[in-house]
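> all I have is the shape, not the residue letters:
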């Protein structure tokens, strides 16, 4: 019997503890609901304030539009420009408002996240506090009286019921107030919509009038074009007549040129005998210079010269390298934009024995190697350069490595993106100041003949 009473008392105490815990949880839940209700009211207040600002801005816009209507006597083109500027400004304003709203939304989300984090922290602290309270209740459980626990439970339930009733009345009053405010805002929005529709109607009437005026101007322009076409046809007829007269005159001049040509041929025949004697003297002088150049060729260690032949393999290796052939006779003058004088005698080329100048292997067909000056003129500019005595002499040609040099003398190539010696850099577009090295041009000479991808003008090679 004693054990049964003890068990009943234990179950009763456990039930009281559960009721106290449930009451505490209900209290926490109500506090959270109150916090969320306060947040909702703040949000609605912000929304109402924003709509009020929008209404004030629209009211200001109406005043500006009223002032603009007073200036309708201005030209239609000016009105279109002002309307377009106003539209762009409005779009910018709307975009700015959207950006501000988005920033506020993000700030609010961050604030709510912070509040959520704080609520979770409070919940954790509250749970810890409840746990400690339970421990204290457990220690004092035997000493407490059932009557006191029951009175506390009844009082707490009464207080919670009263608090719920007060919160419900407050919520209903706030909802009624917000409903009235939304109704007032909706009425204002409808009035603003009607006003904007009227403005669009006026703008449409202006557009129709503008299109009518453009159609009349187009008709007048077509009439003007017809008159100009008649004048053009008359002018073409006059030009055809002048062409016929010119053909008659050219035929007459051709006959006169034919007679003059016959006289010239007779004069040239007379001079031919005189030139044959001069040719013998020039040939003798040429043989002497050839003998002198052959002696110079035999004395030098360099086997390459401008115009010499390379085999396919050596030419590929040369194009992949950073070496350029430079002539002391013509390249210096060409790169410094000086004129290269025409030589009085033909330059001497060493005997071509169908051997590669680099590897000395026999070749059936080779590719000529050029110095800087001759390469740019022949392969890129498609010009016939003036010949020079030293250009084809090995003792006056030498190789330079364009990847080496002082930092001040190096320029960046726009194609290979490498620093090259300034003598190997040329400009292929003066508008964009586009630079390219001769190494890249040697791989593809047609780059200098294309269209610039930046300014879309035809490229034109110039020296630096």
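Thanks, I have the structure now. Predicted model, so just to flag it, every value in this text is computed and none were measured.
> list the helices and strands the helix or strand hosting residue 197 packs on?
Per DSSP states H and E, residue 197 falls inside helix 146-299. In terms of contacts (3 or more CB pairs under 8 Å, 6 or more residues apart in numbering; DSSP states H and E), helix 146-299 is packed against helix 2-69, helix 76-140. All C-beta atoms are positioned from the backbone trio N, CA, C, and that covers glycine.
> one more time with 7 Å, if that's ok
helix 2-69 (3 or more CB pairs under 7 Å, 6 or more residues apart in numbering; DSSP states H and E).
> chain center to the helix it packs on, what's the gap?
51 Å (CA atoms, centre = their mean, to the nearest Å).
> residues contacting stretch 357-371, please?
Under the criterion CB atoms under 7 Å, 6 or more residues apart in numbering, residues 303-304, 306-311, 314-315, 318, 325-327, 331, 354-356, 378, 391, 397 lie in contact with stretch 357-371.
> now the buried members of these.
Among the contacts of stretch 357-371, those scoring as buried are 303-304, 306-311, 314-315, 318, 325-327, 331, 355-356, 378, 391, 397 (criterion: 16 or more other CB atoms under 10 Å).
> take the residues you listed and keep only those in helices.
314, 315, 318, 331 (DSSP state H).
> which of the residues you listed sits closest to residue 263?
Closest to residue 263 out of these is residue 331 (45.8 Å), distances taken as CB to CB.
> distance-wise, check residue 363 relative to residue 166.
Counting by CB to CB, to the nearest Å, the gap from residue 363 to residue 166 is 109 Å.
> comparing those two, which residue is more hemmed in?
residue 363 (17 against 10; other CB atoms under 10 Å).
> skipping adjacent residues, who's closest to the more buried one in space?
Closest residue to residue 363 apart from its sequence neighbours, by CB to CB, 6 or more residues apart in numbering: residue 311 at 4.8 Å.
> how much space is there between the one you found and residue 360?
For residue 311 relative to residue 360 (CB to CB), the value is 10 Å.
> again, but for residue 416
Taken as CB to CB, the span from residue 416 to residue 360 is 31 Å.
> what do you get for residue 202?
92 Å.
> mind checking pLDDT for residue 323?
Residue 323 is assigned a predicted lDDT (pLDDT) of 92.
> give me the neighbour count for residue 97.
14.
> per-residue confidence at it?
In this model, residue 97 carries a pLDDT of 88.
> for the one 3 residues further on, same thing?
Confidence per residue is given as pLDDT, and for residue 100 that number is 89.
> residue contacts, residue 381?
Residue 381 neighbours (CB under 7 Å, 6+ apart): residue 461.
> pop out the phi and psi values for it.
Torsion angles at residue 381 (phi, psi; degrees, to the nearest 10) stand at phi -90, psi -10.
> that one and residue 8, how far apart?
For residue 381 relative to residue 8 (CB to CB), the value is 116 Å.
> phi, psi of residue 403?
phi -90, psi 0.
> would you confirm that it contacts residue 323?
No: the pair residue 403 / residue 323 is not scored as a contact, 9.1 Å apart, by CB atoms under 7 Å.
> burial measure for residue 420, as a count.
26.
> so what pairs up with it in the strands?
residue 411 (DSSP bridges).
> that one contacts residue 437, doesn't it?
Yes: here residue 420 reaches residue 437: they are 4.2 Å apart, a contact under CB under 7 Å.
> what touches both of these two?
Between them, residue 420 and residue 437 share the contacting residues 402, 413, judged by CB under 7 Å, 6+ apart.
> what pLDDT does residue 183 get?
Value for residue 183, per-residue pLDDT: 86.
> for it, what are its contacts?
Residue 183 neighbours (CB under 7 Å, 6+ apart): none.
> mind giving me the domain split of this structure?
12-65+79-204, 280-401, 403-464 (automatic domain parsing).
> just put the ones you listed in CSV and tack on distance to residue 255.
Converted to CSV, the domains of the chain look like this (distance: least, CB to CB, whole Å):
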stretch, distance to residue 255
domain 12-65+79-204, 67
domain 280-401, 35
domain 403-464, 42
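> for residue 236, find the nearest of those.
Taking the domains of the chain one by one with CB to CB, domain 403-464 is closest: 31.9 Å.
> next one: the closest one to chain centre, how far?
23 Å.
> try stretch 122-133
Distance, centroid of stretch 122-133 to centroid of chain: 59 Å (CA atoms, centre = their mean).
> got the buried residues for that stretch?
Buried, per 16+ other CB under 10 Å, within stretch 122-133: 126, 130.
> again with stretch 179-192
Buried residues in stretch 179-192 (16+ other CB under 10 Å): 181, 185, 192.
> adding distance to residue 216, write the residues you listed out as CSV.
Below are the buried residues of stretch 179-192 laid out as CSV (distance: CB to CB, whole Å):
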residue, distance to residue 216
181, 54
185, 47
192, 37
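> in this protein, which ranges drop under the pLDDT threshold?
1-3, 273-276, 278-280, 282-302, 337-353, 385-391 (pLDDT under 70).
> my guess is residue 442 contacts residue 321, does it?
No: if you go by CB under 7 Å, residue 442 and residue 321 don't touch, sitting 9.9 Å apart.
> which one's more surrounded, the two?
residue 442 (20 against 14).
> partner residues bridging residue 324?
Applying DSSP bridges, one finds that residue 324 bridges with residue 400.
> who's in contact with it?
372, 400, 402, 424, 438.
> tell me the one among these nearest to residue 79.
The nearest one, if we look at the contacts of residue 324 relative to residue 79 and count by CB to CB, is residue 438, at 60.5 Å.
> how close does the nearest residue to the closest one once chain neighbours are set aside get to residue 324?
Of all residues not flanking residue 438 in the chain, residue 424 sits nearest, at 4.8 Å (CB to CB, 6+ apart). According to CB to CB, residue 424 and residue 324 sit 6 Å apart.
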